[in-house]
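In: fold the following for me, if possible:
(one chain, ligands or ions: 1)
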Amino acid sequence: MKEFYIDCDGVKLHAKLDMPEGAEKCPLCILIHGFTGHMEEDHIIAAQEAMNEAGVAVLRAEMYGHGGSDGEFRKHTLYKWVTNALAVVKYARSLDFVTDLYLSGHSQGGLLTMLVGGMCPDEFKAILPLSPAWMIPDGAREGNLLGMDFDPKHIPETLYGWDLELDGDYVRVAQTIHVEDEIERYEGQVLIVHGDEDETVPFEYAQKALKLYNNAKLVPVVGADHCFNGHMEELKEAIRQFWVK
Ligand code: FER
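Out: Numbers count the residues shown, from 1 in each chain. Next up is the predicted model:
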């Protein structure tokens, strides 16, 4: 494992690169955590291990305001995360051992994966959104995020929910994001893995994405919650199977 920082316009992004055993040249998958998350969470490690076992190098990166990266949590927005992810993609592209590039992320990182997939439609061999939280922009427009209601036309200075404080700019940014447009722009292969008992992101969003994508596969994990607690082996198996077919 190699630990380092990737520069994003002066913002340091904490990253770790894990190589599969014995590989010289191999594919690489960028892997991104969710909202309030970081790269050492059990489900992120599980995804990383499954990819490594399938012969894929994994570049875990932490986004603005999360984990060991620069920035304050309350000031993160999806635009900042998109800018960060593009810097990570540029870094990954510069590595000469990489054969094919893949992008994966959990929840808000899964939403990010869907957005960046649409922005770089020729960059990735496939994208793997895990429990992607692509209802966030809808929630921002409807005035419901973090389990709290607000007036979407009079966005509060700060959102208080889930014991967190989040700047209103998060909502302003999220309101402008239309995930369907980016789904349409990405015509490559997509693997969605989602627990059918997810209490944070409704499973129906995975079914809706499956229909909208040109070439998607959905692996439901029966009985699993948002972070696949108690179902880590099924998450790993879904990911391994994607490569080892
Ligand atoms: C929300 C529901 C889910 C929300 C964020 C999430 C900002 C993200 C969850 C995750 O990334 O795990 O209302 O509001």
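In: dihedrals phi and psi, Asp169?
Out: phi -60, psi -30 (degrees, to the nearest 10).
In: over to Ala61?
Out: Dihedral angles for Ala61 - degrees, to the nearest 10 - are phi -140, psi 140.
In: just the pLDDT at it, thanks.
Out: pLDDT, Ala61: 99.
In: now the helices for this structure?
Out: Counting by DSSP state H, the segments of the chain that form helices are 42-53, 78-93, 108-119, 136-142, 168-175, 179-185, 204-212, 232-243.
In: can you tell me which residues in this structure are near the ligand?
Out: Residues of the chain found near the ligand (Cβ under 6 Å from any ligand atom) are 34-35, 107-108, 133, 136, 139, 145-146, 200. C-betas here are computed from N, CA, C, even on glycine.
In: quick one: contacts for Trp243?
Out: By Cβ atoms under 8 Å, 6 or more residues apart in numbering, the residues touching Trp243 are 27, 51, 54-56.
In: from the ligand, how far out is it?
Out: 25 Å (Cβ to the nearest ligand atom, to the nearest Å).
In: circling back: so which of the residues of the chain next to the ligand are in strands?
Out: Leu145 (DSSP state E).
In: neighbour count and pLDDT added to the residues of the chain next to the ligand, as CSV?
Out: Output for those, formatted as CSV (neighbours: other Cβ atoms under 10 Å; pLDDT from 0 to 100):
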residue, neighbour count, pLDDT
Gly34, 27, 98
Phe35, 25, 98
Ser107, 26, 98
Gln108, 26, 98
Ala133, 24, 99
Ile136, 22, 98
Gly139, 17, 98
Leu145, 22, 98
Leu146, 16, 96
Thr200, 16, 98
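In: state the pLDDT value of Val244.
Out: pLDDT, Val244: 85.
In: just to revisit the earlier point, now the helices of the chain in JSON lines, with distance to Tyr160?
Out: Shown next, in JSON lines, are the helices of the chain (distance: least, Cβ to Cβ, whole Å):
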{"stretch": "helix 42-53", "distance to Tyr160": "26"}
{"stretch": "helix 78-93", "distance to Tyr160": "19"}
{"stretch": "helix 108-119", "distance to Tyr160": "18"}
{"stretch": "helix 136-142", "distance to Tyr160": "15"}
{"stretch": "helix 168-175", "distance to Tyr160": "11"}
{"stretch": "helix 179-185", "distance to Tyr160": "26"}
{"stretch": "helix 204-212", "distance to Tyr160": "25"}
{"stretch": "helix 232-243", "distance to Tyr160": "32"}
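In: and those, which is most packed in?
Out: helix 108-119 (a mean of 25; mean count of other Cβ atoms under 10 Å).
In: quick one: that one to helix 168-175, angle?
Out: 50 degrees (axes from the mean of the first three to the mean of the last three Cα atoms, to 10 degrees).
In: what's in contact with helix 108-119?
Out: Taking Cβ under 8 Å, 6+ apart as the rule, helix 108-119 contacts 31-35, 37, 63, 78, 81-82, 85-86, 89, 103-105, 124, 127-134, 136, 177, 179, 181-186, 188, 190, 209.
In: quick one: that helix to chain centroid distance?
Out: Centroid separation for helix 108-119 versus its chain: 6 Å, with Cα atoms, centre = their mean, to the nearest Å.
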